[in-house]
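Chemist: this is a predicted model, with the sequence first.
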Amino acid sequence: MSYNYLPLDERWLGIDQVDWLLAYQQRISITFGAHERIRHCREYLDGLTGSELFYGINTGFGFLQNVRIDPGQTEALQYNLLKSHACGMGEVVPEPIVRLMLAFKIKSLSYGHSGVQIDTVKRLLDFYNEDVLPVVYTQGSLGASGDLAPLSHLCLPLIGLGEVFVDGRRRLSSDVLREKGWSPIRLRSKEGLALINGTQFMSAYGMYILTRARHLLRWADLIASLSWDAFDCSPEPLHPAIHAIRPHSGQIATAQALREHLAGSELAYRSKAQVQDPYSFRCIPQVHGATAGVFDHVLGVFLTEINSVTDNPNIFPDEDLILSGGNFHGQPLALALDYLAIALSELASISERRVFQLLSGQRGLPLFLVKNPGLHSGFMIPQYTAAGIVSENKQLCTPASVDSITSSNGQEDHVSMGAGAATKCYRILHNVERVLAIELMSAAQALEFRRPLHSSPRLERLHSAFREVVSFNDADRVLHDDMMEAVRFLQRPVEAFTEAVSAQETFSIYNSPV
């Protein structure tokens, strides 16, 4: 089988490339330039002489920074570091995120400021490309000093310790290395510290969330458009003139998306009895657009991070410098993840309100969207589920980044708690998907009661495709199954339902009454 390789070096890594790593069987490599920078930095480190202390190279770690390590114990120091810091607990990190952790660690090392040997980087490439994925745990990082515990578990297999997943089976690393014919890496000075110092746990979670959030933002606009027509809303709040005088870019883009989704709708064309619609419909551009604005900001933070060097100390061979600093501190990521968590939770919050309105028996729709309310409960309880999820999101949105706990006997006296922000945001992401699935199911049901009128070609195609997996609810049944089918439906690309619409068509909803 031939593989497509993504070369990692100093060149900028973008969200599309990360998305492709997750979506396709793409392997990774490093360029010749990256290979030479890594080698050059290692040679510089090997050539150091004299009695000067360099943190983590010939000293202990953290509070033990002033303890000199004998040159003969350098290798043992690095082994001890990986073993002693592998203190993770909790759930196992999902495999796609472990993949990104490996890729981002290799990317950071490729700049040649970390002092690792080329064999170490090549083995990390082997792990990624051969689907040998280390077992990593979600708990253990304070989001400063690097993601120490998670990265220790990520790198233990380099020295034949820890566990890995291979073909879905959890196995001892030592057994897998032996089967592969891979000798354990003999770590040299600074290497253990270079491997476990860094923000790759937070970065991997963040970039995974951002790739999925970009997908869900598009789905949120499309599903909201279906709800819009199902609730018989006026298109007036989508008029470009409104958004031109409050020109937030996300708001403008969301209004444009909804106009395109609704283009050609018979329901949108007809005259309306109501003067205004509830905020959960009328303010979709303002609310969805604000989340899109946060997404753009957070994406910028994370792209900077994954294209950076985040271990300590940093080595500059050409300048003959070894500098101790704090590039491992996760504060930029912690704040951004908390911000993104709040923004994503709002997508679910307003989505649940639209579900509530659709079930309320207004505007010619039956109570709870069922023909015989009373005998049948219809969609009453999916709204309960959505409300419970939204409430859970509110609890998860308590910022992690406002907390700090002193560690390492006071040496590491301010930490970001970005790892907690990352895992909370991950949970919120999946909660948002579940609430949007419930809205899709409810809007599809409600639209059936608008017949014989039709929505737009886009939305009718969406409705038809959804009906292939979830049928109209004519009487009470186990809705959990339908809800899970709806979640799976949201894995599909939005582009399957969004063919190009002309500017003339998007304006037709204002001037083409039926």
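Modeler: Sure thing, it's come through. The model shown is predicted, which means the values in this text are computed figures rather than measured ones.

Chemist: helices along the stretch 301-450 of the chain, start to end?
Modeler: Using DSSP state H, counting those that start in this stretch, the helices of the stretch 301-450 of the chain run over 331-358, 380-396, 418-448.

Chemist: export the ones you listed to a markdown table and tack on distance to Trp182 and mean pLDDT?
Modeler: Every C-beta, even on glycine, is put in place using the N, C-alpha and C of the backbone. As requested, the helices of the stretch 301-450 of the chain are arranged in a markdown table below (distance: least, Cβ to Cβ, whole Å; pLDDT from 0 to 100):
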| stretch | distance to Trp182 | mean pLDDT |
| --- | --- | --- |
| helix 331-358 | 32 | 98 |
| helix 380-396 | 40 | 97 |
| helix 418-448 | 29 | 98 |
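
Chemist: which of these sits closest to Lys371?
Modeler: Of all the helices of the stretch 301-450 of the chain, helix 418-448 sits nearest to Lys371, with 10.1 Å by Cβ to Cβ.

Chemist: roughly how far is that closest one from the heart of the chain?
Modeler: 13 Å (Cα atoms, centre = their mean, to the nearest Å).

Chemist: what does stretch 356-369 give?
Modeler: How far stretch 356-369 lies from its chain's middle: 34 Å, per Cα atoms, centre = their mean.

Chemist: in that stretch, which residues are buried?
Modeler: Within stretch 356-369, the residues that count as buried by 16 or more other Cβ atoms under 10 Å are Gln357, Leu358, Leu359, Arg363, Leu365, Pro366, Phe368, Leu369.

Chemist: surely Ser110 touches Ile28?
Modeler: No. Using Cβ atoms under 8 Å, Ser110 makes no contact with Ile28, being 10.2 Å away.

Chemist: those two: which has the busier surroundings?
Modeler: Set Ser110 next to Ile28 and count neighbours by other Cβ atoms under 10 Å: Ser110 wins out with 23 against 19.

Chemist: not counting its neighbours along the chain, what's nearest that one?
Modeler: Taking Cβ to Cβ, 6 or more residues apart in numbering, and ignoring the residues beside it in sequence, Ser110 has Ala34 as its nearest neighbour in space, at 3.8 Å.

Chemist: and the helix or strand hosting the one you found, what does it pack against?
Modeler: Using DSSP states H and E, Ala34 maps to helix 32-46. Under the contact definition 3 or more Cβ pairs under 8 Å, 6 or more residues apart in numbering; DSSP states H and E, helix 32-46 sits against helix 118-129, strand 314-316.

Chemist: give me phi/psi at the residue nearest to the spatial centre of the chain?
Modeler: In the chain, the residue lying closest to the centroid (Cα atoms, centre = their mean) is Ile209, at 0.8 Å. Taking degrees, to the nearest 10, you get phi -60, psi -40 for the backbone angles of Ile209.

Chemist: what is the neighbour count of Leu6?
Modeler: Leu6: 16 neighbours (other Cβ under 10 Å).

Chemist: identify the residues contacting it.
Modeler: Remark: with contacts taken as Cβ atoms under 8 Å, 6 or more residues apart in numbering, Leu6 is in contact with Gln17, Trp20, Leu21, Gln26, Arg27, Ile28, Ser29.

Chemist: now with 7 Å, please.
Modeler: Taking Cβ atoms under 7 Å, 6 or more residues apart in numbering, we find Leu6 in contact with Gln17, Leu21, Gln26, Ile28.

Chemist: which members of those residues are classed as buried?
Modeler: Listed as buried from the contacts of Leu6 are Leu21, Ile28; burial here means 16+ other Cβ under 10 Å.

Chemist: of all the contacts of Leu6, which two lie farthest apart?
Modeler: Pairwise distances across the contacts of Leu6 peak at 10.0 Å for Gln17 and Ile28 (criterion: Cβ to Cβ).

Chemist: pretty sure Val121 is touching Ser108, no?
Modeler: No. In this structure Val121 lies outside contact range of Ser108 using Cβ atoms under 7 Å: 10.4 Å.

Chemist: what is the neighbour count of His463?
Modeler: His463: 20 surrounding residues under other Cβ under 10 Å.

Chemist: looking at this, it is in a strand?
Modeler: No. The assignment for His463 (DSSP: H, G, I helix; E, B strand; the rest coil) gives helix, which keeps it out of a strand.

Chemist: just checking, it touches Gln445?
Modeler: No. His463 lies out of contact with Gln445 (Cβ under 7 Å); the separation is 10.1 Å.

Chemist: tell me where the protein has strands.
Modeler: Along the chain, the segments classed as strands by DSSP state E run 5-8, 27-30, 89-92, 133-134, 137-139, 163-166, 169-172, 314-316, 321-323.

Chemist: nearest to Glu485, of those?
Modeler: strand 89-92 (25.7 Å).

Chemist: just the CA trace of that closest one, in CSV.
Modeler: Taking C-alpha atoms only, strand 89-92 is exported to CSV below (Å, rounded to 0.1, in the frame of the first residue of the first chain):
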residue,chain,number,x,y,z
MET,A,89,-4.7,8.4,36.1
GLY,A,90,-8.3,8.6,35.0
GLU,A,91,-9.6,7.7,31.6
VAL,A,92,-7.5,6.7,28.6
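
Chemist: direction included, what does that strand pair against?
Modeler: strand 137-139 (antiparallel) (DSSP bridges).

Chemist: chain center to the partner strand: distance?
Modeler: Distance of strand 137-139 from the chain centroid (Cα atoms, centre = their mean) equals 16 Å.

Chemist: kindly report the same for stretch 261-271.
Modeler: With Cα atoms, centre = their mean, you get 35 Å for stretch 261-271.

Chemist: mean confidence (pLDDT) on it, please.
Modeler: Averaged across stretch 261-271, the pLDDT comes to 93.

Chemist: what is the end-to-end distance of it?
Modeler: By Cα to Cα, to the nearest Å, the extent of stretch 261-271 from end to end equals 19 Å.
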